[in-house]
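Peer 1: Predicted structure and sequence below. I'll ask about it afterward.
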Amino acid sequence: MPEKLSQEQLLEIAKEFGTPVYVYHAEKIKEQYEKLTESFKNTNTVFFYACKALTNINILKYIRSLGCNVDCSSINEVRLALHAGFSPGNILYTSNGIAFDEIEEAKELGVIINIDSLSNLKKFGQKFGHSYPVGIRLRPNIMAGGNLKISTGHDKSKFGIPVEQIDEILAVVNKYNLHIKDLHIHTGSEIKDVDVFLRGIEVLFQIVPHFPDLEFIDLGGGFKVPYIEGDSETNMPLLAEKVKEDFDRHAETKGKNFQIWFEPGKFIVSECGYLISQVNVMKETGNTVFAGINSGFNHLIRPMFYDAYHRIENISNPGGAEKIYTITGNICETDTFASDRKVAEIREGDYLVFYNAGAYGFEMSSNFNSRYKPAEVLVKDGKAQLIRRRDVFEDLLKNQLEII
Ligand code: LLP
């Protein structure tokens, strides 16, 4: 049975903790992680949770308790992961465009590092040579993902070292006798098509023979999750079967068995999360009925930034007659969550819930318009607990120095 919080539970939480509030459901995270491990159980695969999706320390600790590793995209995420109790060997730092001192710090901390530029690879070679194993992030030149903003592996993308620069890569590796332990690609987010991953494997396997020390092949994240009833997700058992076929074939012909790595973010935490807000103002105009809520793109930017669809329900009037609404925020800019959306009759004060709010929801929130970031609540073993208090006025001034 898929784990899901009921409308009644969500309403109760909203009343207890106030709105806007992010709610996460621990057991749903577990269910998603187990879907991955179960699908890949006949393969040698390790999962690193891409924590950029959601870094609340309790979520990190919970995910660690499930036995999952963690993938970080900044040195602060690495520090958070260490704080959450992950051991350095289970932390992957897949860097992009970072200053070399972060790589030095990651090395000091003993975590696994994927380097994404020739420049940093050279600096790494000069400083550490063969002494510390390292991975290379490649750009496979594959177009994939839900939309251009979240496509990262195509031939105009800033991410990774383009595979066609293999000669330059090898020149650096050989010059400094680098110990290359893994090769990484990440083609994008919301990839439904299993073949995209297989194309990535094909690209990698062509250059694998150049790296005799290789132990791991890192295929990145990007699995698709369903956003509406009937929507599909990446077919994990099928992906596992196909990936296994490719790796087995490679092991048979080349005699080398690699461990497979994945870095899922959305797949692990998207569906565990809910954003609950309340309706401030109803506004009827000639052609549109607006429901203005106490949130905005300062809390959930995905609909505006990626045209992402988030299912919305009126949990305080679930039986109400469905009507068409445009749901907007209270930010002094156009912040439309949904246009002409059918929702059970909305009245001022009603509670609206946004689904799939676990990944890149709170994590991409801001204090724009000097509004507070929402509170976060974790439901675990049937108990709802506050895991981040809502901002208070002092938070807005906290780092400011009043020199006038
Ligand atoms: N690994 C690397 C190197 C990545 O850059 C990302 C995401 C992931 C793993 C995890 O991808 P996921 O499994 O979550 O799709 N904010 C956007 C998504 C951007 C993802 C950036 N990189 C959104 O809300 O759709």
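Peer 2: Noted; the coordinates are in hand. This is a predicted model, so every value here is computed, not measured.

Peer 1: In the chain, where is pLDDT below threshold?
Peer 2: Counting by pLDDT under 70, the chain has low-confidence residues at 1-2.

Peer 1: buried ones in the lengthiest helix in it?
Peer 2: When the chain is parsed with DSSP state H, its longest helix is helix 236-254. Within helix 236-254, the residues that count as buried by 16 or more other CB atoms under 10 Å are 236, 239, 240, 242, 243, 244, 246, 247, 250. C-beta coordinates here come from the backbone N, C-alpha and C atoms, glycine included.

Peer 1: From the chain's centroid, how far away is stretch 384-393?
Peer 2: Centroid separation for stretch 384-393 versus its chain: 22 Å, with CA atoms, centre = their mean, to the nearest Å.

Peer 1: OK, contacts around the residue of the stretch 251-400 of the chain found nearest the ligand?
Peer 2: Nearest to the ligand, among the residues of the stretch 251-400 of the chain, is residue 265, at 2.6 Å (CB to the nearest ligand atom). Neighbour list for residue 265: 49, 50, 51, 52, 53, 54, 71, 189, 221, 359, 360 [criterion: CB atoms under 8 Å, 6 or more residues apart in numbering].

Peer 1: The residues you listed also near the ligand: which ones?
Peer 2: Restricting the contacts of residue 265 to those near the ligand by CB under 6 Å from any ligand atom leaves 50, 53, 71, 189, 221, 359, 360.

Peer 1: And the residues you listed, which two are furthest apart?
Peer 2: Distance extremes for these: the farthest pair is 71 and 360 at 14.5 Å, using CB to CB.

Peer 1: hang on, the earlier thing: toward the C-terminus from the longest helix of the chain, list the very next helix or strand.
Peer 2: Tracing the chain past helix 236-254, the next element assigned as helix or strand by DSSP states H and E is strand 259-262.

Peer 1: So which residues on the stretch 151-300 of the chain come close to the ligand?
Peer 2: So far as CB under 6 Å from any ligand atom goes, the stretch 151-300 of the chain lies against the ligand at 152, 186, 189, 220, 221, 222, 223, 263, 264, 265, 266, 267.

Peer 1: Now, those that are in helices?
Peer 2: Short answer: these in helices (DSSP H) are 266, 267.

Peer 1: longest single strand anywhere in this protein?
Peer 2: Secondary structure of the chain per DSSP state E: the longest strand is strand 273-284.

Peer 1: Report the strands that pair with whichever helix or strand comes after that strand, each with its relative direction.
Peer 2: Per DSSP H and E, the first helix or strand lying C-terminal to strand 273-284 is strand 289-293. Looking at strand 289-293 with DSSP bridges, its partner strands are strand 273-284 (antiparallel), strand 322-328 (parallel).

Peer 1: Going by the annotation, which residue ranges form each domain of the protein?
Peer 2: Per automatic domain parsing, the structural domains of the chain span 26-269, 273-357+374-390.

Peer 1: Of those domains, which is nearest residue 15?
Peer 2: Across those, closest to residue 15 is domain 273-357+374-390 (CB to CB), at 8.1 Å.

Peer 1: What is the distance between that closest one and the centre of its chain?
Peer 2: With CA atoms, centre = their mean, you get 21 Å for domain 273-357+374-390.

Peer 1: and stretch 324-331, which residues are buried?
Peer 2: Quick answer for stretch 324-331 (16+ other CB under 10 Å): 325, 326, 327, 328, 329, 330, 331.

Peer 1: do the same with stretch 289-305
Peer 2: Residues 290-304 are the ones in stretch 289-305 that count as buried (16+ other CB under 10 Å).

Peer 1: nearest to residue 347, of these?
Peer 2: residue 291 (9.1 Å).

Peer 1: pretty sure the closest one contacts residue 329?
Peer 2: No: the pair residue 291 / residue 329 is not scored as a contact, 10.3 Å apart, by CB atoms under 8 Å.

Peer 1: Nearest to the ligand: which residue in the stretch 51-200 of the chain?
Peer 2: Nearest residue of the stretch 51-200 of the chain to the ligand: residue 189, at 3.2 Å (CB to the nearest ligand atom).

Peer 1: In this model residue 153 seems to touch that residue, though I could be wrong.
Peer 2: No: applying CB under 8 Å as the test, residue 189 and residue 153 come out as separate, 10.7 Å apart.

Peer 1: Give me the common contacts of these two.
Peer 2: Counting by CB under 8 Å, 6+ apart, nothing touches both residue 189 and residue 153.

Peer 1: Tell me which of the strands paired with strand 289-293 is the most buried.
Peer 2: strand 273-284 (a mean of 20; mean count of other CB atoms under 10 Å).

Peer 1: Run through who's touching that one.
Peer 2: The contact list for strand 273-284, computed with CB under 8 Å, 6+ apart, reads 5, 10, 13-14, 19-25, 54, 289-295, 299-300, 315, 330, 346-359, 361-362, 374.

Peer 1: Repeat the analysis, applying 6 Å as the threshold.
Peer 2: Residues from elsewhere that reach strand 273-284 (CB atoms under 6 Å, 6 or more residues apart in numbering): 10, 14, 19-24, 290-295, 300, 346, 348, 350-354, 357-358, 361.
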